[in-house]
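Enquirer: turn this into a model:
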Amino acid sequence: MPIIKPLNGISPQIPDDCFIAENATIVGEVTMGNQCSVWFNAVIRGDVHFIKMGNKVNVQDGAVIHATYKTSPTTIGNNVSIGHNALVHGCTIHDNVLVGMGSIIMDDCVVESNSIIAAGAVVTKNTRVESGSIYAGIPAKKVKDINQELISGEINRIADNYVKYASWYE
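Expert: Numbers count the residues shown, from 1 in each chain. Sure thing, here's the model as predicted:
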């Protein structure tokens, strides 16, 4: 059974159509949209500031979502995939974004819509990721623009697949 724990009188808000894996942890001021999924060993810890997720967000195995005490909440838009073992911390991620496996997005970053953060990238504090671009490296920098094929072929495909995968566990 997942750990879904209230803290300081605030309980996570999770719609009934979301999938939460048995060993996922969701604590405190966390609000999830519809058709979200939180996979094995993922942690979403809304203890020091709020975490708000839109619809069709998948938080893959081992990923961590957190915030910074009183200064930097985490807001995630719709149709966002947070890859395996990624760390999303005190930042804003807009709609239609793929956060690659093992990547790190640090405090006060803004990832604009229709973007990809490459696997293993480190998006340093206060970085603004341009809409329609791929950022890669350490520190992450823009490496190319995204075409419509990548948006539908990768960003949308992965988000849609995770809705399907979650249905297998019902």
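
Enquirer: so where's the longest strand in the chain?
Expert: Using DSSP state E, we find that the single longest strand of the chain is strand 43-53.

Enquirer: buried set for that strand?
Expert: Of the residues in strand 43-53, 43-49, 51-53 count as buried by neighbour count, 16 or more other C-beta atoms under 10 Å. (C-beta placed from N, C-alpha, C; glycine too.)

Enquirer: could you dump those residues to TSV with pLDDT?
Expert: As requested, those are exported to TSV (pLDDT from 0 to 100):
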residue	pLDDT
Val43	98
Ile44	98
Arg45	98
Gly46	98
Asp47	97
Val48	97
His49	98
Ile51	98
Lys52	98
Met53	98
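
Enquirer: now do the buried residues in the least confident helix or strand in the chain by mean pLDDT.
Expert: Between all helices and strands in the chain, the lowest mean by mean pLDDT, DSSP states H and E belongs to helix 148-150, at a mean of 82. Across helix 148-150, burial judged by 16+ other C-beta under 10 Å covers Leu150.

Enquirer: for that helix, packing partners?
Expert: If contacts are counted by 3 or more C-beta pairs under 8 Å, 6 or more residues apart in numbering; DSSP states H and E, helix 148-150 sits against no helix or strand.

Enquirer: got a list of contacts for that helix?
Expert: The contact list for helix 148-150, computed with C-beta atoms under 8 Å, 6 or more residues apart in numbering, reads 116, 134.

Enquirer: what's across from the spatially most central residue of the chain in the sheet?
Expert: Nearest to the mean C-alpha position of the chain, by C-alpha atoms, centre = their mean, lies Ile82 at 4.1 Å. Bridge pairing for Ile82 (DSSP bridges) gives the partners Val59, Val99.

Enquirer: show the pLDDT at it.
Expert: On the pLDDT scale, Ile82 is placed at 98.

Enquirer: quick one: it and Ile104, what's the gap?
Expert: Distance of Ile82 to Ile104, given as C-beta to C-beta, to the nearest Å: 11 Å.
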